[in-house]
Every structure is written in structure tokens, then in C-alpha cells.
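In: only geometry, no sequence info:
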């Protein structure tokens, strides 16, 4: 029996709301129907206890009994071992889920995060650095992902944690209008984010941070 | 019984030799003492068969019987399930191995790859874009990794696939003198790359690409 607690920030500014990575974990937990608690740590002042759970001072982390796990990929892989709703049970389906889970993080997000950081910081200008990362994302990643997603509903035969990670990565690209030329990617994101588990996870994250605003307002 | 074939390029230019990602897989296979074959695909002209195994047209991929797996992280996780030499057997050791395997790829390499791409392309100048990624690597990643590595020999209690990935990520940072201020990171890389399995894997990769030069020279 699992005893799951998800830790995220107790508050973040408006801009990242809806995109803080605890969303990936909430979504998986809702898909699996696993009971869990959510707790918060300060966004501003990150103490030694925080770094003991997450060495880079980020969120989320998950505790399952006396195990504490950071990295959204590792957390989702742990949850996938707890629920057949998150990973196929046959060897090929499990292998495909894991390779696409890594591909979402280390091939697609590896290109999309630098790209979105440059946009977010206003450095998406005509410099060679911007061109480098814009090409990295479009020519080397999304151009190749598009025919994959045009040919299948979900990455690993049926819905899995690989889709949760890939969709969350693509959502941030879409926020900055980066999916305009990739209809299969856009349709895939729309199909996944229409799932009740995503809708609930997203609403729960927004409500979590909105409560922090309300508490701050009455203090 | 496993039937393992590793596919890499049949030739690459001088600069990436010693750093092509089949090295990660060779290293793990040598640590585990698993028998394997190595085969090559063209670097220049990547065909549909290549993209069927690796959707982004990269290397490596591994076949194990009728399973074909891309992404070095997914391949190493697969091999870790085959050999106790690559992952502790207790639940906490296995969990720690997986979280640090993801941390190597999605926290450290997420910062080090953009940094090294900017250096490699000559865009490590005084632009805001360069400063953004230089800070991302140093202030947000290596500064926090240094005390972790100062306090332990290996990431997950004993040597594991997490170390193979973290060390291979840090080797590329070290190539561009990025570890100067992190003595524990440097000592960790030196300790790992002194292992006979790394030495053999590295020599084998260099010999693989040197043979391609020799074949080209006599044709």
C-alpha cells in the first residue's frame, strides 16, 4: 500500500501557474486514481530540508513511505510501477513507454526548454544563439515528432506516463505559439488535455496557488 | 538470455569522437560483462530504417531480441534490469539510481548541453543569451551538485548507471574547462573514468571510428 505525499511550492508568481511541474505528478496520480496529499514549501527561502529532498532547490518531489523521489521523470516511472493505468503491462509496451518518457525529457524538452527560456527572457532576437536553438527545436525535433504523432493516438500503444511528459513539454511550446506548423502535435495536446485527469490536475494546481494569494491577503 | 546489438554511426568527424553517446551504452555493457555486437549506420545519409529505430535520426539504439530501444537513458535503464552490476538491488538503492539517472539527463545535461552548444558554435560571447545559459549551468546546477559529490563516492550508494550518465555529462563540461571551480565534480569524473570498463569503452569507440577512416583510405 502506497502512502504518497507530493511537495510543491506553497506559492509561485502568476506566470508559471498551470505549468509548475507538480502538474505532471498530479495528472499521473489522477489517471491512476491513487490517493495522495499535497504539501507546500516556501518559494522564496529554500532551506536545507528542501535541498535534502531536491538537491537543486526545485519542486516537485514525492514521498512514498520512507522513499523520497525527485525529478518528474523518476516520479512518474515510480507511479507507473504502481498502476497499470500509467504503463502497458506487456514487455514491448513497457519498453516503448520508457523510451518515449526519456525522449520527451531528453530529446524534446532538451530543445524546448532553452527555446522557451530565450523567449521568456526576451532574447528571441536575430542573434546566432537564438537561431541555433530555434533550429534545434524545429528542424531537429518537432519536424520529426510530427509524423510520429500523425500515425498514432498515444506514444506507446495506449495512454501512458510517456504521454503525460510529452504533452506537458509540448504545452509550453504551444504557449509560445511554437506548434503552429505541427497539426498532429496540436491535436495530440488537445486530445490529452481534454482528459478528466488533466483537467482536475490543472484546476487543483491553479486552486493551490490561488489559496496562497487569499491567505496572504488576510494576513 | 539477452541478444544485444548496439547501433552507432559508422563514421563521425574527429571532434565528437570519444563523446558519441554509444559510449554510455558500451560503458554499461562492459561494467555488466554482457556480450554484445556493435554495428554502424551512415552518418551522412540517414534512411527510413534509421528513423524507424531512432525517430530523431540520432544514435545510439540497442536491440535486445525483438525489442528496439532508443534514448541512452532508456537503454541504460533496460541494461540495469539485466545486471546487478548496474543498479543496487534494494528498493531505496534502485529508487536513488533512477532519480539520479533522470537528474543527470534532465537537470544537469539540460543545462550543460545548451552551454556547450553555444561554446561549440562560437556564441559564448557577452550576449544576454550566453549569460543566461552560463548562469543556468553554474549557479543553478554545478554549484548544487558540488556538495552532493563532495559527500559521496557514487550517486546511489554504489556505482550504477546513474554515475555513467552523470559522468558522461560532466566530461563534456570538463572538455570546455567548465569544472574548474568544482573539485569534487572533477575528482568524481576522474574516479569514474579510471574504471577499466570506461577505458575499454572509450578505446573501442575511438577504434571503431578510426577503422572507418582506414576503410575510406583504401577505397
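Out: Structure's in. What do you need? Given the structure is predicted, the values throughout are model-derived calculations rather than measurements. Numbers count the residues shown, from 1 in each chain, chains lettered A, B, ... in the order given.
In: In chain A, where is pLDDT below threshold?
Out: Within chain A, the stretches with pLDDT under 70 are A:1.
In: which residue ranges form the helices in it?
Out: For chain A, the helices defined by DSSP state H occupy A:22-32, A:48-53, A:72-80, A:91-102, A:109-120, A:128-137, A:143-150, A:161-175, A:183-193, A:196-218.
In: List the buried residues of the second one.
Out: Put plainly, it is helix A:48-53. In terms of neighbour count (16 or more other C-beta atoms under 10 Å in any protein chain shown), helix A:48-53 has its buried residues at A:50, A:53. Backbone N, C-alpha and C define where each C-beta goes, glycine included.
In: try stretch A:143-155
Out: A:144-146, A:148-149, A:154-155.
In: on that earlier part again, let's have the helices of chain A in a markdown table, adding distance to chain B.
Out: Formatted as a markdown table, the helices of chain A follow (distance: least, C-beta to the nearest C-beta, whole Å):
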| stretch | distance to chain B |
| --- | --- |
| helix A:22-32 | 12 |
| helix A:48-53 | 7 |
| helix A:72-80 | 4 |
| helix A:91-102 | 4 |
| helix A:109-120 | 4 |
| helix A:128-137 | 4 |
| helix A:143-150 | 5 |
| helix A:161-175 | 10 |
| helix A:183-193 | 13 |
| helix A:196-218 | 20 |
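In: Tabulate those helices in JSON lines, adding columns for distance to residue B:125.
Out: Putting these into JSON lines (distance: least, C-beta to C-beta, whole Å) gives the following:
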{"stretch": "helix A:22-32", "distance to residue B:125": "35"}
{"stretch": "helix A:48-53", "distance to residue B:125": "33"}
{"stretch": "helix A:72-80", "distance to residue B:125": "33"}
{"stretch": "helix A:91-102", "distance to residue B:125": "33"}
{"stretch": "helix A:109-120", "distance to residue B:125": "15"}
{"stretch": "helix A:128-137", "distance to residue B:125": "9"}
{"stretch": "helix A:143-150", "distance to residue B:125": "28"}
{"stretch": "helix A:161-175", "distance to residue B:125": "27"}
{"stretch": "helix A:183-193", "distance to residue B:125": "33"}
{"stretch": "helix A:196-218", "distance to residue B:125": "38"}
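In: Select, out of those helices, the one closest to residue B:89.
Out: Closest approach to residue B:89 among the helices of chain A is made by helix A:72-80 (16.7 Å; C-beta to C-beta).
In: returning to that earlier point: for residue B:22, which of the helices of chain A is the nearest?
Out: Short answer: helix A:91-102, nearest of those by C-beta to C-beta, at 15.8 Å.
In: and the buried residues of stretch A:143-155, which two are the farthest apart?
Out: A:144 and A:154 (17.6 Å).
In: Domain map for chain A?
Out: Domain assignment for chain A by automatic domain parsing gives A:4-85+A:197-218, A:91-195.
In: list the contacts for residue A:150?
Out: Shown in contact with residue A:150 (C-beta atoms under 8 Å, 6 or more residues apart in numbering or on different chains): residue A:184.
In: Residue A:111 now?
Out: Residue A:111 is in contact with A:133, A:136-137, A:140-141, counting by C-beta under 8 Å, 6+ apart.
In: The residue lying closest to residue A:198 once chain neighbours are set aside: how many residues sit nearby?
Out: Spatial nearest neighbour of residue A:198, excluding adjacent residues (C-beta to C-beta, 6 or more residues apart in numbering or on different chains): residue A:27 at 5.4 Å. By the measure other C-beta atoms under 10 Å in any protein chain shown, the count of residues near residue A:27 is 28.
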